[in-house]
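> Sharing a model prediction with you, sequence too.
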Amino acid sequence: RKAVEYTIMAGLALNCQIAEFSRFARKNYSYPDLVKGYQISQYELPLCHDGWLEIEVDGTSKRIRIERVHLEEDTGKLIHVGEYSLVDYNRSGVPLMEIVSRPDIKSAAEAYAYLTKLRQIMRYLGVSSGDMEKGAMRCEVNVSLRPVGTETLGTKVEVKNLNSFRSVKMALAYEIQRQAETLDKGGTIEQVTMGWDEERQRTVVQRSKEFAHDYRYFPEPDLPPLEISREWVEEIRARLPELPAAKRDRFMTQYGLSAYDARVLATDRAVADYYEACVVAYPDGKKVANWVTGELFRFLKETNTTIESVKITPTALAELLTLIERGAININTGKAVFAEMLRTGRAAGDIVAERGLAQISDTEKLERIVDEVLAANPAQVQQYLDGKETIIRWLVGQVMKATRGKANPKLVNRLLDEKLQALRQLREGGQ
């Protein structure tokens with residue numbers, strides 16, 4: 001029942017029609033990974049049919065039609081070692097959901113966009129981790145060419161052994177080129193199953209490809225047909241999570257995010273949930289987005305960790321941003337505190353108090369330091385007076401250095417500007 005429910009969830013997310021009546025079938029073929037000599041699958045009456053998935057490539061949207069989403073049993077796994085082949089039957093018989101697209105994909109880039117979008121949706125639904133390297137998601141591609149200006153596709157070739165998105169792109173590029181060269185030389189394409197050889201970066205023939213009638217499908221006698229009530233379908237539909245595209249659009253509207261930031265934050269459901277929890281704690285969507293996509297994402301990339309393992313709770317991040325907003329610490333200090341929070345999980349206030357990082361906003365104290373910096377750097381002061389006003393940034397840096405980064409930068413800029421303007425007026429008055 002859970003496998004059927006997951007398949008219906010996927011079908012609804014892919015805009016499919018959900019069948020009221022579905023039947024399992026026996027797919028008969030002889031191959032080492034199939035112990036029984038047949039596979040329980042679905043043929044004429046799949047659970048889901050006639051859907052679509054919208055992808056985007058180079059800023060252009062395209063709709064890829066989904067022919068069917070059906071349920072079948074998994075087979076064993078063949079492991080080729082030199083001249084021998086081993087078979088791992090541990091996954092044999094486990095429910096497997098298969099999604100079949102129509103021949104609408106025209107390039108390796110479109111195939112990549114389709115697969116990544118599909119995986120994103122499956123992860124959002126919680127029906128699969130989508131980890132191709134671990135076999136949780138597999139891809140088999142059918143490649144066929146046609147002359148420019150014609151509609152009829154040529155003979156298709158199936159390519160297997162694709163265990164990463166990169167492998168899919170490489171195999172498609174190679175197979176397209178192979179078929180094109182064969183046809184250009186006047187040759188013909190045979191309907192075969194090819195395997196992708198990752199080491200040699202090429203496709204190799206595995207076996208001749210069967211046609212549907214070769215499998216001798218017939219209704220599975222040991223499993224009754226499925227009658228899917230509309231009430232159950234609507235109950236499942238009501239439980240579907242907000243999907244990535246809808247979440248991205250809402251982030252742009254509700255929080256005023258750019259299309260890029262909204263897409264990045266909505267890509268992973270856990271990241272999106274974390275972001276929204278942070279916005280609840282600190283209601284400034286843009287500022288929170290900057291910290292999550294900047295400092296937090298940088299930490300996740302450097303440490304190769306996931307959002308689930310982050311030690312900073314949304315409330316803790318809100319405390320840090322509040323300290324910055326109130327002027328208790330400046331941005332640079334805030335980033336240093338954030339880094340320590342990520343490492344230790346400690347509260348921002350405790351780190352600031354323990355390390356004496358509170359921002360210096362005392363005007364008299366900063367004025368003395370600014371005077372010292374100006375007195376110690378007469379050459380740079382003269383450059384400013386001669387018209388090189390950008391040198392003020394260097395002088396700000398000297399003040400920050402003198403205060404170990406704790407000075408209020410806005411106040412430092414104001415004080416430097418006032419004193420340098422006063423010196424300029426004094427010089428002009430003397431002239």
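That came through fine.

> buried sites along stretch 390-397?
Buried residues in stretch 390-397, counted by 16 or more other C-beta atoms under 10 Å: 391, 392, 395, 396. The way it works is simple: take the backbone N, C-alpha and C, and place the C-beta from them, glycine included.

> Regarding the spatially closest residue to the last one that is not a sequence neighbour, what is its secondary structure?
Think residue 396. Spatial nearest neighbour of residue 396, chain neighbours left out: residue 412 (5.5 Å); criterion: C-beta to C-beta, 6 or more residues apart in numbering. The assignment at residue 412 comes out as helix when based on DSSP: H, G, I helix; E, B strand; the rest coil.

> okay, residue 412: pLDDT?
In this model, residue 412 is scored at 90, pLDDT.

> domain ranges for this protein?
Structural domains assigned to the chain are 2-238, 241-355, 363-430, following automatic domain parsing.

> Tell me which of those is the most buried.
domain 241-355 (a mean of 17; mean count of other C-beta atoms under 10 Å).

> okay, residue 212: pLDDT?
You'll see residue 212 listed with a pLDDT of 57.

> actually residue 170, not the one I wrote
For residue 170, the predicted pLDDT is 92.

> which non-adjacent residue is nearest it?
For residue 170, the spatially nearest residue (C-beta to C-beta, 6+ apart) is residue 201, at 6.3 Å.

> That neighbour reaches residue 173, doesn't it?
No: using C-beta atoms under 8 Å, residue 201 is not in contact with residue 173, being 9.8 Å away.

> got a list of what residue 34 touches?
75, 76 (C-beta atoms under 8 Å, 6 or more residues apart in numbering).

> How about the backbone phi and psi for it?
Backbone torsions of residue 34, given as degrees, to the nearest 10, read phi -120, psi 100.

> Would you map the helices across the stretch 201-350 of the chain?
230-239, 244-255, 259-266, 269-281, 285-291, 297-303, 314-325, 331-344, 348-355 (DSSP state H, counting those that start in this stretch).

> Could you dump these into a markdown table with distance to residue 195 added?
Listed next are those as a markdown table, based on distance: least, C-beta to C-beta, whole Å:
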| stretch | distance to residue 195 |
| --- | --- |
| helix 230-239 | 37 |
| helix 244-255 | 32 |
| helix 259-266 | 35 |
| helix 269-281 | 34 |
| helix 285-291 | 44 |
| helix 297-303 | 33 |
| helix 314-325 | 47 |
| helix 331-344 | 43 |
| helix 348-355 | 54 |
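
> Least confident of the domains of the chain, on average?
domain 363-430 (a mean of 88).

> Please state the offset of it from the chain centre?
Relative to the centre of its chain, domain 363-430 is centred 46 Å away, using C-alpha atoms, centre = their mean, to the nearest Å.

> so residue 374 touches residue 381, yeah?
Yes: counting by C-beta under 8 Å, residue 381 is a contact partner of residue 374 at 5.6 Å.

> shared neighbours of those two, anything?
395, 420.

> any idea how far residue 326 is from residue 268?
32 Å (C-beta to C-beta, to the nearest Å).

> nope, residue 158 is what I was after
62 Å.

> cool, and residue 367?
With C-beta to C-beta as the criterion, residue 367 and residue 326 are 22 Å apart.

> cool, residue 149 as well?
67 Å.

> Kindly report the same for residue 347.
Taken as C-beta to C-beta, the span from residue 347 to residue 326 is 15 Å.

> repeat for residue 148
65 Å.

> After the helix or strand encompassing residue 61, heading C-terminal, what element do we hit next?
Secondary-structure assignment from DSSP states H and E places residue 61 in strand 60-73. Using DSSP H and E, the helix or strand that follows strand 60-73 in sequence is strand 77-81.

> Name every strand pairing with the next helix or strand after that next one and say which way it goes.
Using DSSP H and E, the helix or strand that follows strand 77-81 towards the C-terminus is strand 84-88. The strands that strand 84-88 pairs with in its sheet are strand 77-81 (antiparallel) (by DSSP bridges).

> Alright, I will stop here.
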